[in-house]
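K.L.:
need a structure here:
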Amino acid sequence: MLSGERKEGGSPRFGKLHLPVGLWINSPRKQLAKLGRRWPSAASVKSSSSDTGSRSSEPLPPPPPHVELRRVGAVKAAGGASGSRAKRISQLFRGSGTGTTGSGGAGGPGTPGAAQRWASEKKLPELAAGVAPEPPLATRATAPPGVLKIFGAGLASGANYKSVLATARSTARELVAEALERYGLAGSPGSVPGESSCVDAFALCDALGRPAAGAVGSGEWRAEHLRVLGDSERPLLVQELWRARPGWARRFELRGREEARRLEQEAFGAADGDGTGAPSWRPQKNRSRAASGGAALASPGTGSGSGTPAGSGGKERSENLSLRRSVSELSLQGRRRRQQERRQQALSMAPGAADAQIGPVDPGDFDQLTQCLIQAPSNRPYFLLLQGYQDAQDFVVYVMTREQHVFGRGGNSSARGGSPAPYVDTFLNAPDILPRHCTVRAGPEPPAMVRPSRGAPVTHNGCLLLREAELHPGDLLGLGEHFLFMYKDPRAGGSGPARPPWLPARPGATPPGPGWAFSCRLCGRGLQERGEALAAYLDGREPVLRFRPREEEALLGEIVRTAAAGAGDLPPLGPATLLALCVQHSARELELGHLPRLLGRLARLIKETVWEKIKEIGDRQPENHPEGVPEVPLTPETVSVELRPLMLWMANTTELLSFVQEKVLEMEKEADQEDPQLCNDLELCDEAMVLLDEVIMCTFQQSVYYLTKTLYSTLPALLDSNPFTAGAELPGPGAELGAMPPGLRPTMGVFQAALELTSQCELHPDLVSQTFGYLFFFSNASLLNSLMERGQGRPFYQWSRAVQIRTNLDLVLDWLQGAGLGDIATEFFRKLSIAVNLLCVPRTSLLKASWSSLRTDHPTLTPAQLHHLLSHYQLGPGRGPPPAWDPPPAERDAVDTGDIFESFSSHPPLILPLGSSRLSLTGPVTDDALHRELRRLRRLLWDLEQQELPANHRHGPPVATPP
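P.N.:
Numbering: from 1, shown residues only. Below is the predicted model of the structure:
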């Protein structure tokens, strides 16, 4: 599992350290700190009085993953890596050897043996031959300021150390001057005679020691090794180069320059007297100085807080010599012998080396050859560079250190809103690489997923990549015009494809588009085979419709115009299916920002077409007729013909909206969440879906308007017609419309026309229910208002009339029940049914009822409506309503102020259907009419593509060869 944690800094390629390829340093701020990890010391021990001379530092992060070297990975401090490290350290100390004073700093001319001590620096340019120059140290010194503790070694009483603020550019001489000022010795009369300043009489020393024996916890500290810093050295960087071993501590001391010289000379003498020999030991000591801490102290300095017991000088000299020799003399001859063997082996692997005689080799060549022996990691995915932009800066292997790997150019913080620069794992410095160019996600199991950023040129196996795609081991990934990588995942083992996917396709492969069949040169097929493949696509039944962005407007316009004109014999949802194929092609094949633009154009085309159709119907069915021209009522047949185009657009737009919602959700999930254009794309998609919502709402309103306008003239017959005519028999459940009483046929004819229209247009079932729900709501409100109005002028509320109304209503409900609309009709006709049931109660039973019992039995009627029906009920000549029907005082106000009529504005709201679209875009096209239209559109696109070519390059539509 790859770690998903980000590391500080930016690219692994930010500033090369001339290490073997693949040892990446993520942050320039940690370069020197990470070098320190390769030195023998790894920690420091605090003393009771003062811990160390360095500022407190945070725990070092784990080293980054690296690419192992064949037979070279075991080399720790030898060969090219050692030479490169020594070169970097020599750059840090190089300034000390150029001082003009007689300082005893490292490499200072006034120090005995200085030429021998740093003689190894003269060989570094030769060892580093052919290696790119390091950037200046000042450019790498980006560490923040720190506080250094400088111990005075008895310069002032009552003071153990003084804290001095230092930066990465502060020199040893500047810190000496500041420390002397803190100790109150600046310009002291005790200055060394002949010196221009008191600063020249003191030197800053890098001391290594440990608590005195038997004095742990007492604060005593014994310095055992010391190195004088040159005036131009930078202590804050020096203390980051290495750390003391466990049990040892390190600190900076301020000593007199003459005293420091004497201590260094005594250290050399002690080492020579131990039998090592100056000629053989001093050159080795030069290499170990930066690693072990400096020269050994033969005797403690004044005020150092340490003492040497009598008779223990020989033992301590032996321990000190062992510490000094822990790095430089650790099997030096053996390392040289192994280094020579590896050099010979590396040269033997070069082309033509078997026939050539290997002679003396420049050490710099070995440093380069070790960088060429690369062994890929075995537990992490990586990218193998096949083509780069700058050979001197490009690596050969790029390892994925996180589960999500980002390629890009990086950059500064964004000027808009001050947002930080995008995080990048691998920096690519080609000019056509975007700040965040491409993202690769590799989980624990293959395949990985690659997603290009908006506007980033990315190719996958030679094809332009516009959407997120699977990335398998062995795939080629091209970034811009310069970089080409091969993706490898050693965790997959041998599960990769046996045939690389970027090789020419086998004969018979399906071309991705119409023009591809004649333009492809990699598929290995002849012209005849490609023509047959194109013919198979043009006449095939696969639900695929390929087009280029430049042909989008013509294609969408052709589909919408054909649907609006009603040409051909397309299935009801044929226009939505063809438009969904366009949306699917844009979402899968075209660039990221194309889908929002296509949806906006599509929604505007549909809205304009529907609006024109509504205007045509309005012109044929005006609301206000001219004077003298009688209004012709709408018949069910007329309204069915007028509403068919609107109902078709409502059905197609509903399915298309559901399909678009699915694609927009997929786009939001697959898109890069850090893409600044993502919010703009989602807003454009929302605007397009709002337009489609308006189309559905408008077509629904117009449909129910003309249906209710037709019902308005037929509903009064339910209150006036008598179903018990002479010789007529009441039809049973499920009877045909022709068997119904004549007074009910017009109303039920409207319901039947609406039911057939919704079925023929394949309207969504939810919209069918809501359409009839609105029709039943209107019928209930219209009949109840007519019933309330009839009882005011003439005797109407009587048992015989109520039985006729009840019978007519039951016949209508029974017929709707047989049509599958019984539940909806029962719900919306409940109030009218209860009012009619009240009037159907026998007179004797009604006289015995009280107001409270009637309110309980008829809860849907308001107090005003119930009082209106009871007060106008015909009990007989000269008889009024009994006192038991009077409402109580608590409901008198509701009776007096309540409205007895139903409001038409309280209709149920329109709720758009939820769930997946009913369009089928997976299997072959089975409808012949839809297949013919699909073939016509494919050939139209082929003709548009051929019109752009010169006349001598055009091809007619190919004809498939019969089997």
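
K.L.:
can you give me the strands for the stretch 101-250 of the chain?
P.N.:
Ranges of strands in the stretch 101-250 of the chain, per DSSP state E, counting those that start in this stretch, are 146-151, 161-166, 202-211, 221-228, 249-256.

K.L.:
now tabulate these in JSON lines and tack on mean neighbour count and distance to residue 588.
P.N.:
Just so you know, the C-beta spots here come from the backbone N, C-alpha and C atoms, and that holds for glycine as well. JSON lines is the format used below for the strands of the stretch 101-250 of the chain (neighbours: other C-beta atoms under 10 Å; distance: least, C-beta to C-beta, whole Å):
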{"stretch": "strand 146-151", "mean neighbour count": "21", "distance to residue 588": "56"}
{"stretch": "strand 161-166", "mean neighbour count": "19", "distance to residue 588": "60"}
{"stretch": "strand 202-211", "mean neighbour count": "25", "distance to residue 588": "65"}
{"stretch": "strand 221-228", "mean neighbour count": "24", "distance to residue 588": "68"}
{"stretch": "strand 249-256", "mean neighbour count": "24", "distance to residue 588": "63"}
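
K.L.:
which one of those lies nearest to residue 712?
P.N.:
Residue 712 lies closest, by C-beta to C-beta, to one member of those: strand 146-151, at 89.7 Å.

K.L.:
listing partners with orientation, what would you give for that closest one?
P.N.:
Its sheet considered, strand 146-151 pairs with strand 161-166 (antiparallel), strand 249-256 (parallel) by DSSP bridges.

K.L.:
report the angle between that strand and strand 202-211.
P.N.:
Here the directions of strand 146-151 and strand 202-211 differ by 80 degrees (axes from the mean of the first three to the mean of the last three C-alpha atoms, to 10 degrees).

K.L.:
what does stretch 924-939 rub up against?
P.N.:
Counting contacts by C-beta atoms under 8 Å, 6 or more residues apart in numbering, the residues outside stretch 924-939 that touch it are 514, 537-539, 541-543, 545, 555, 558-559, 562, 568-571, 574, 577-578, 581, 957.

K.L.:
circling back: closest one to residue 816 among the strands paired with strand 146-151?
P.N.:
strand 161-166 (91.6 Å).

K.L.:
mind exporting the C-alpha coordinates of that closest one to CSV?
P.N.:
The C-alpha coordinates for strand 161-166 follow below in CSV (Å, rounded to 0.1, in the frame of the first residue of the first chain):
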residue,chain,number,x,y,z
TYR,A,161,27.1,30.0,27.9
LYS,A,162,25.7,32.9,26.0
SER,A,163,22.8,32.5,23.4
VAL,A,164,23.5,34.1,20.0
LEU,A,165,21.0,34.5,17.2
ALA,A,166,22.5,33.1,13.9
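
K.L.:
what does that strand contact?
P.N.:
Strand 161-166 is contacted from outside by 49-50, 145-152, 175, 178-179, 182-183, 235-236, 251, using C-beta under 8 Å, 6+ apart.

K.L.:
what do you get if the cut-off is 6 Å, keeping everything else the same?
P.N.:
The contact list for strand 161-166 (C-beta atoms under 6 Å, 6 or more residues apart in numbering) reads 50, 146-151, 175, 178-179, 182, 236.

K.L.:
report pLDDT for residue 323.
P.N.:
Here, the pLDDT recorded for residue 323 equals 40.

K.L.:
ugh, typo on my part, it should be residue 539
P.N.:
pLDDT, residue 539: 89.

K.L.:
same thing with residue 877?
P.N.:
pLDDT, residue 877: 79.

K.L.:
now residue 923
P.N.:
Note on residue 923: pLDDT of 88.

K.L.:
swap in residue 487?
P.N.:
Per-residue pLDDT puts residue 487 at 93.

K.L.:
assumed it was part of a strand.
P.N.:
Yes: counting by DSSP: H, G, I helix; E, B strand; the rest coil, one finds residue 487 located in a strand.

K.L.:
can you count the residues close to it?
P.N.:
24 (other C-beta atoms under 10 Å).

K.L.:
tell me if I'm right that residue 405 and residue 440 touch.
P.N.:
Yes: the pair residue 405 and residue 440 passes the contact test of C-beta atoms under 6 Å, sitting 4.7 Å apart.

K.L.:
burial count for residue 654?
P.N.:
Residues lying near residue 654 (other C-beta under 10 Å) number 26.

K.L.:
for the helix or strand hosting it, list every residue counted as buried.
P.N.:
Secondary structure from DSSP states H and E places residue 654 in helix 636-670. Neighbour-count burial for helix 636-670, counted by 16 or more other C-beta atoms under 10 Å, picks out 636, 638-640, 642-664, 667.
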